[in-house]
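Trainee: mind looking at a prediction? Sequence and model below.
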Amino acid sequence: SQQGEEDPQALSIQEGENATMNCSYKTSINNLQWYRQNSGRGLVHLILIRSNEREKHSGRLRVTLDTSKKSSSLLITASRAADTASYFCATGSGGGADGLTFGKGTHLIIQP
Amino acid sequence: GAVVSQHPSRVICKSGTSVKIECRSLDFQATTMFWYRQFPKQSLMLMATSNEGSKATYEQGVEKDKFLINHASLTLSTLTVTSAHPEDSSFYICSAFGTAYYEQYFGPGTRLTVT
């Protein structure tokens, strides 16, 4: 299994602050994706970054990928209470037809 | 965007019984569907990959005779948990991949509780 590690496992910040979560993985990847999961709910796809990309933005989200270090980071700027959720990175070795390997996740709490 | 549904969203069953969970791609044809399991406060773990019309491929440690997967059409895959035990209680999430899209689309999940 190439299950990745996320750190921190839990993060609590004040509303308006930025939140940074990191993910490391073990083997070569084709792409890396970040998902959000609200408690007891399904997954919401946030962003996909391909192995030949180094940085990607989507709204308040910024994702970086360093394949030499086998790591990625997710930055959420100007956090809101609604951002409270668990965030997972997931890696795929091929295209979308391959199963994903999920990291352990970071539980983010935004204090109002 | 692509929509994937799961039914039921929650199910409670007694130990020893079987329960079937459906995963449907509503607006696209899914050549491949995946089943994941998530225990409380843990991450998702891939259980199996199923391609339409062929046998599912199970991940190491997942009993194929206990978790029966059928992918009989391009829009439907089913997971049947046979002879359920309390330790099978978990959140089961499916995802679907179709050639029209680059990524997998996830269903909303099914919460299984075995009493």
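Mentor: Looks like it came in fine. Everything quoted here is computed from the prediction, not taken from an experiment.

Trainee: host element of the residue positioned nearest the centre of chain B?
Mentor: The residue lying closest to the centre of chain B (C-alpha atoms, centre = their mean) is residue B:35, at 3.7 Å. Assessed by DSSP states H and E, residue B:35 sits inside strand B:32-38.

Trainee: same for the next helix or strand after that strand, what does it pack against?
Mentor: Scanning forward in sequence from strand B:32-38 by DSSP H and E, the next helix or strand is strand B:44-51. On a contact count with 3 or more C-beta pairs under 8 Å, 6 or more residues apart in numbering or on different chains; DSSP states H and E, strand B:44-51 meets strand A:101-102, strand B:32-38, strand B:57-58, strand B:67-73. In short, each C-beta sits where N, CA and C put it, glycine included.

Trainee: go through the ones you listed and name the closest to residue B:22.
Mentor: strand B:67-73 (9.9 Å; C-beta to C-beta).

Trainee: ok, the closest residue to the residue nearest to the centre of chain B other than its chain neighbours - how many residues close by?
Mentor: Nearest residue to residue B:35 in three dimensions, chain neighbours excluded: residue B:47, at 4.6 Å (C-beta to C-beta, 6 or more residues apart in numbering or on different chains). Residue B:47: 24 surrounding residues under other C-beta atoms under 10 Å in any protein chain shown.

Trainee: my guess is residue B:47 contacts residue B:67, does it?
Mentor: Yes. The pair residue B:47 / residue B:67 is scored as a contact, 6.3 Å apart, by C-beta atoms under 8 Å.

Trainee: mutual contacts of the two, please.
Mentor: B:35, B:58, B:79 (C-beta atoms under 8 Å, 6 or more residues apart in numbering or on different chains).

Trainee: closest one of those to chain A?
Mentor: residue B:35 (9.2 Å; C-beta to the nearest C-beta).

Trainee: how near is that closest one to residue B:56?
Mentor: Counting by C-beta to C-beta, to the nearest Å, the separation of residue B:35 from residue B:56 is 8 Å.

Trainee: and for those two, which residues touch both?
Mentor: B:48, B:50, B:69.

Trainee: ok, the first one touching residue B:35?
Mentor: To tie it back to what came earlier, the one meant is residue B:48. Yes. Using C-beta under 8 Å, residue B:48 makes contact with residue B:35 at a distance of 5.1 Å.

Trainee: give me the common contacts of these two.
Mentor: B:67, B:69.

Trainee: so which bits of chain A are right by chain B?
Mentor: A:3, A:33, A:35, A:40-43, A:45, A:48, A:88, A:90, A:95-105 (C-beta under 8 Å from any C-beta of the partner chain).

Trainee: so how do I select the buried members of these in PyMOL?
Mentor: Buried residues among the residues of chain A next to chain B (16 or more other C-beta atoms under 10 Å in any protein chain shown), as a PyMOL selection:
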select buried, chain A and resi 3+33+35+42+43+45+48+88+90+96+97+98+99+100+101+102+103+104+105
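
Trainee: need the contact partners of the lowest-mean-pLDDT helix or strand in chain A.
Mentor: Every helix and strand in chain A was compared by mean pLDDT, DSSP states H and E; the lowest is strand A:5-7, with a mean of 76. By C-beta under 8 Å, 6+ apart, the surrounding residues in contact with strand A:5-7 are A:21, A:22, A:23, A:24, A:87, A:88, A:89, A:103, A:104, A:105, A:106.
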